[in-house]
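Q: I would like to see how this sequence folds:
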Amino acid sequence: MSDDVVLVERRGAVQVVTINRPQARNALDAAVARGVADAVDELDADDDLRAGVLTGAGGFFSAGMDLKAFLRGETPAIAGRGLCGITRTPPRKPLIAAVEGGALAGGFELVLACDLVVAGRTARFGVPEVKRSLVAAGGAALLLPERVPRALALELLLTGEPVDAERAAAVGLVNRAVDDGTALDAAVELAGVVAANGPLAVAATKAIVQSAPSWAPQEIWDRQDEIVGPVFASEDAREGSAAFAERRPPVWRGR
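A: Residues are numbered from 1 along each chain as shown. Predicted coordinates:
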């Protein structure tokens, strides 16, 4: 295993970002934050990359903020961008969490910043901040009630007790619960399915889903039209229709 605290690799059109501090259960410090932020910036900037996967090394996703680093004055937040640069400003392209072992505290908040979640069946998800007289301010208190029923969100936030992947899948937090040790491969496979689709359409769809809750009811259709109009007028839209008619795989150009 490399000494780098964040590893980045490419699997076709999929970028895989691995938090690489297994000796510390992939706890988040300033170096990890910068590594993840730089990786997702590359994801969005590179036209050859269509989707990303975020995971942790050593069979554990992340135990959250490195409290020893916190006591030294470090923070895993990027100014204006949130935890690891993704909780306040997630990437434009789809990001999938591949979770083994545990995603706890800030680690869970990174999961909530992702669009889809694949997890090993015994993986655990939790926000234990209240047990340390802290608040899950990296996104869980804001985002968790949007992802699961409010009562379950409050249970997790107020008790600090985790839930396993099977329960998380039952309430819609996890998209796919898979055999332990296979979450990364399953997430890359899912990312590949996403990456095969028209990149303009995928990015526009994510933008609508993210933005629509903040739109006033009387403006939602107009705001959506602003986003989808350029997609329907694009070369890729014509290519998608032509490829369907000609029964061949489409060749996307992102324009």
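Q: Tell me where the chain is predicted with low confidence.
A: For the chain, applying pLDDT under 70 flags the ranges 1-2.
Q: could you pull out the helices for it?
A: Along the chain, the segments classed as helices by DSSP state H run 30-45, 67-71, 106-113, 140-147, 150-159, 165-170, 183-195, 199-211, 220-232, 235-246.
Q: Skipping its backbone neighbours, what lies nearest Pro162 in space?
A: Gly126 (2.9 Å; C-beta to C-beta, 6 or more residues apart in numbering). To be clear about C-beta, it is placed using only N, CA and C from the backbone, and glycine gets the same treatment.
Q: And the residue nearest to Ala77 when sequence neighbours are not counted, how close does it get to Val40?
A: Distance criterion C-beta to C-beta, 6+ apart; nearest residue to Ala77, sequence neighbours excluded, is Leu83 at 5.4 Å. Separation of Leu83 from Val40 (C-beta to C-beta, to the nearest Å): 12 Å.
Q: between the two, what contacts are shared?
A: Contact criterion C-beta atoms under 8 Å, 6 or more residues apart in numbering; no residue bridges Leu83 and Val40 by contacting each.
Q: among the helices of the chain, which is the most enclosed?
A: Ranked by mean neighbour count, the helices of the chain are led by helix 106-113 with a mean of 28 (mean count of other C-beta atoms under 10 Å).
Q: Just the angle for that helix relative to helix 30-45, thanks.
A: Interaxial angle, helix 106-113 versus helix 30-45 (axes from the mean of the first three to the mean of the last three C-alpha atoms, to 10 degrees): 10 degrees.
Q: For helix 106-113, name the packing helices and strands.
A: Judged by 3 or more C-beta pairs under 8 Å, 6 or more residues apart in numbering; DSSP states H and E, the packing partners of helix 106-113 are strand 82-83, strand 95-99, strand 124-126, helix 140-147.
Q: Can you dump the C-alpha atoms of it in CSV for me?
A: Output of helix 106-113 as CSV, limited to C-alpha atoms (Å, rounded to 0.1, in the frame of the first residue of the first chain):
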residue,chain,number,x,y,z
GLY,A,106,-17.5,12.5,9.3
GLY,A,107,-17.1,9.2,7.3
PHE,A,108,-20.8,8.9,7.2
GLU,A,109,-21.1,12.5,6.2
LEU,A,110,-18.9,11.8,3.2
VAL,A,111,-21.3,9.0,2.3
LEU,A,112,-24.2,11.5,2.5
ALA,A,113,-22.3,13.7,0.0
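Q: Report the angle between it and strand 95-99.
A: Computed by the same axes, to 10 degrees, the angle separating helix 106-113 from strand 95-99 equals 140 degrees.
Q: so Ala119 sits right up against Val163, yeah?
A: No - assessed by C-beta atoms under 8 Å, Ala119 is found out of contact with Val163, at 10.9 Å.
Q: Neighbour count: these two, which is higher?
A: Neighbour totals were compared for Ala119 and Val163, and Ala119 leads with 31 against 20 (other C-beta atoms under 10 Å).
Q: before we move on, the earlier item: check the contact lists of Ala119 and Val163 and give me the overlap.
A: By C-beta under 8 Å, 6+ apart, Ala119 and Val163 have these common neighbours: Phe125.
Q: nearest residue to Gly172 other than its sequence neighbours?
A: Spatial nearest neighbour of Gly172, excluding adjacent residues (C-beta to C-beta, 6+ apart): Val148 at 6.6 Å.
Q: okay, now the residue lying closest to Ala30 once chain neighbours are set aside: neighbour count?
A: Closest residue to Ala30 apart from its sequence neighbours, by C-beta to C-beta, 6+ apart: Glu74 at 4.5 Å. By other C-beta under 10 Å, the residues close to Glu74 number 16.
Q: Thank you, goodbye.
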